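J.: sequence plus the predicted model coming up.
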Amino acid sequence: MSIQISAQSVKELRNKTGAGMMDCKKALQASDGNIPIAIENLRKKGLASADKKMSRITTEGIIESYIHAGAKIGVLIELNCETDFVARRVEFQKLSRDIAMQIAACPSVSYINTNDIPKHVIDSETKIELGKEDVSEKPIDIQEKIVNGRIEKRFKEMALLDQPFIRNTDITIEELIKTHISLLGENIQVRRFQKFILGEGIEKKQDNLKNEVSSMIEQSSESR
């Protein structure tokens, strides 16, 4: 016999997961009202459902912008889905804003996933790790294990989909997207993004105080 689930519990679970009301009620009944277990079950169900949809073509979507407080950092992101109907959904638009904010908050993120990291970056990072003193002194087989572990960690820091979601660090951005795929019934893909940091790439003038003072002394001497 199913236990009675209050409307408040259903609402709480829906707010935490974004799942449908009936799915939340069923999950709570199956977990005897235990919300953490219900969340875990819904997450597993959502990820499994999302995996089946991830090969679908996404040609619709939106371009979202985010400007961080102080107007020093900005992000543009293209988030794709399958239909214009879903692109206009509040849930999809909120997802795009959350991901744009995530990119602004993660200084190391430069790629969508680790597969996008180019070979020259992989080679460069590997060379740097191999050259570190605490690695170079180890036997060759140990060096390989240490470097592989560090490189894997470093590349995850550079990949958007591997980042813990800033609003809920229990899930990654990849899991957040898959949850929305399950919720909205369509494939969702981050196609591209660009981060803008004020002044980035501009060579700032570095005043050399010593040279400036010397020059002033010379000019003073010549004018006498």
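T.: Structure received.

J.: enumerate every residue touching the most centrally placed residue in the chain.
T.: In the chain, the residue lying closest to the centroid (CA atoms, centre = their mean) is residue 160, at 3.4 Å. Contact analysis of residue 160 by CB atoms under 8 Å, 6 or more residues apart in numbering lists 99, 102, 103, 106, 109, 111, 112, 113, 173, 190, 193. Where you see a C-beta, it was placed from the backbone N, CA and C, and this is true even at glycine.

J.: swap the cut-off to 7 Å and go again
T.: 103, 109, 111, 112, 173, 190 (CB atoms under 7 Å, 6 or more residues apart in numbering).

J.: just the buried members of those residues?
T.: 103, 109, 111, 112, 173, 190 (16 or more other CB atoms under 10 Å).

J.: narrow these to those in strands?
T.: If you go by DSSP state E, the buried ones among the contacts of residue 160 have residue 190 in strands.

J.: which stretches in the chain count as strands?
T.: For the chain, strands defined by DSSP E occupy the ranges 60-67, 73-81, 164-165, 168-172, 189-197.

J.: so where is the protein shaky, pLDDT-wise?
T.: Low-confidence segments of the chain, defined by pLDDT under 70: 1-2, 17-20, 44, 46-55, 136, 204-224.

J.: domain assignment for it?
T.: Split into domains by automatic domain parsing, the chain comes to 1-53, 57-117+159-200, 118-156.
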